[in-house]
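A.B. asks: model this:
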Amino acid sequence: MADYPALKLLIDGRWCDGAGRATEPVLNPSTGAVLGELPHVTGADLDLALASSARGHEVWRKTSPVERGRILQRAAALLLERAENIASLITLELGKPIAESRVEVETAAAIFNWNAEEGRRAYGRVIPSRSSNIRQIAVREPLGPIAAFAPWNAPAITPARKISSALAAGCSVIIKPSEETPATTLAIAGALQEAGLPEGALNVVFGDPAMISARLVGSSIVRGISVTGSTQLGKQLGALAVQTMKRMTLELGGHAPVVIFGDVDPEAAALSAVAAKFRNSGQVCTSPTRFFVHESIHDRFAASLSELADKITVGDGFAATTKMGPLANARRVESMERFVDDARARSIAVTAGGERCGNQGFFYRPTVLTNVDDDCMASNVEPFGPLAVTAPFRTVEDAIRLSNRLPFGLASYVMTNDMRNSSVMAEAIQSGNVIINHWQASLPETPFGGYKDSGVGSEGGVEGLQEFQTTKYVSQFSG
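C.D. replies: Predicted coordinates for the structure are as follows:
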């Protein structure tokens, strides 16, 4: 277990402590104990960060893509060298099992490495001219300083994706990570600083979310925003961004459907599903949650899923036997209780979990609700926690209707051995990510974004890099 560091801000290349600033406690979700005190930015701090980002952008955009890539690769190497320490910070702040935290650090480093390479490929194009003495080209240039907002549930992956994508495109970044998981992003920032990132190319700020977002998104210096969070938050920040015509990349809420056809082994499907569902205590925006199972195998699947959920060992993330850690905070526990209370009030069966556990921290048992209807809370609101619901379906048309019923479309899953089913569902499901016969919804090289209320634009892949670039058309007459 790593020692928890003194928390600071990174502004204009300098680390700033809590002297003269308000602070807030960061809690260990396994115990409820205070890990450290996090300093909050002032208005003057944000003004300095904005000015620094403007200067840093001018330096960074003129740095060659090859050199930018070298710095990102050096940062990735430092993340891997410090992987055990950073993984411990994730488990301390978020509670997830240490094995999951190690994988998250490795993925964050892989994102840095992928963007380091892809940043060299910001190709433009030559457009054939209608006249022999006119040359026409389209070039991709850095968009400008970026304001990024990251949540607590993936404290290494989400900041790594936003920071490295923007930097690879040649943009400076001001990032406001979650105040609940600050040390992980600060470790990433430290690696970048040691790797040679110029002052001002990255600023890291914490504090009052409303004040920070209004100041950053309202500034004429910032030219784009990248937000991962709830649909409500995305709409609020998007409305602010429109006032100054900023580019928006919004990765927002989901409520992932899973369609399991009758040609699948229900016990095998449940065994693979339980690991995906309860990873990070279900606190994942792509977490499979609404399991629509063909009526011929529904009861077998639901029974197996419930039995497996009951067997999951819940405990401190550093314990070798732990398979699921605590929820991130007390709010998530209270939210789970509301979902279960609503189900019980409707006489919906709670076939696994449905209660708190432990005598300290924010622990809740893996929970399964079976044979849910369309009206219950869990069928309509993303639980963002260790809760799965099942319901039977009869026809392909039923499966499509159920999958598309909500105004969300981030991730979706299909389990079938019939190519006809997979082809029909891949085309019909209104979702940015349709995953068939496995559970991996995103990789560094693949685009990740949502339909409808789940967001605008993409992160990851070449598409994610292009979100931080703008196209310039140049037409030159040569006499």
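
A.B. asks: Residue 267 against residue 304, yeah?
C.D. replies: Yes. At 4.7 Å, residue 267 and residue 304 qualify as touching, with contact defined as C-beta atoms under 8 Å. Just so you know, the C-beta spots here come from the backbone N, C-alpha and C atoms, and that holds for glycine as well.

A.B. asks: Tell me the pLDDT of the residue positioned nearest the centre of the chain.
C.D. replies: Nearest to the mean C-alpha position of the chain, counting by C-alpha atoms, centre = their mean, stands residue 158 at 4.7 Å. Confidence at residue 158, expressed as pLDDT, is 98.

A.B. asks: right, and it touches residue 228 too?
C.D. replies: Yes. Here residue 158 reaches residue 228: they are 5.2 Å apart, a contact under C-beta under 8 Å.

A.B. asks: Between these two, which contacts overlap?
C.D. replies: 150, 151 (C-beta atoms under 8 Å, 6 or more residues apart in numbering).

A.B. asks: State the distance from the residue nearest to the centre of the chain to residue 167.
C.D. replies: 15 Å (C-beta to C-beta, to the nearest Å).

A.B. asks: how does the chain divide into domains?
C.D. replies: The chain breaks down by automatic domain parsing into domains covering 9-252+454-475, 256-443.

A.B. asks: quick one, which of these is nearest to residue 2?
C.D. replies: domain 9-252+454-475 (3.7 Å; C-beta to C-beta).

A.B. asks: ok, the nearest residue in space to residue 254 that is not next to it in sequence - contacts?
C.D. replies: Using C-beta to C-beta, 6 or more residues apart in numbering and skipping the chain neighbours, the partner closest in space to residue 254 is residue 410 (3.2 Å). Contact partners of residue 410, counting by C-beta under 8 Å, 6+ apart, are 251-254, 256, 285-286, 431-433, 449-451, 454-455.

A.B. asks: let's see 6 Å
C.D. replies: 254, 285, 432, 450, 454 (C-beta atoms under 6 Å, 6 or more residues apart in numbering).

A.B. asks: Likewise for residue 313?
C.D. replies: By C-beta under 6 Å, 6+ apart, the contact set of residue 313 is 321, 322, 323.

A.B. asks: Tell me how far residue 32 lies from residue 447.
C.D. replies: Residue 32 is 39 Å from residue 447, where distance means C-beta to C-beta.

A.B. asks: Can you pick out the residue with more neighbours from those two?
C.D. replies: residue 447 (18 against 13; other C-beta atoms under 10 Å).

A.B. asks: What confidence value was assigned to the more buried one?
C.D. replies: pLDDT, read off for residue 447, is 96.

A.B. asks: Quick check: it touching residue 458?
C.D. replies: Yes. Counting by C-beta atoms under 6 Å, residue 447 does reach residue 458; the two are 4.1 Å apart.

A.B. asks: Looking at residue 267 and residue 304, which one has more neighbours?
C.D. replies: More crowded of residue 267 and residue 304, by other C-beta under 10 Å: residue 304, with 20 against 15.

A.B. asks: That one: which element?
C.D. replies: Per DSSP states H and E, residue 304 falls inside helix 298-310.

A.B. asks: so what does the longest helix belonging to the chain touch, helix or strand wise?
C.D. replies: Counting by DSSP state H, the longest helix found in the chain is helix 98-118. Packing partners of helix 98-118 (3 or more C-beta pairs under 6 Å, 6 or more residues apart in numbering; DSSP states H and E): helix 65-81, helix 83-94, helix 157-168.

A.B. asks: gap between the last one and the chain center?
C.D. replies: Okay, so that is helix 157-168. Taking C-alpha atoms, centre = their mean, to the nearest Å, the mean C-alpha location of helix 157-168 is offset from the chain mean by 11 Å.
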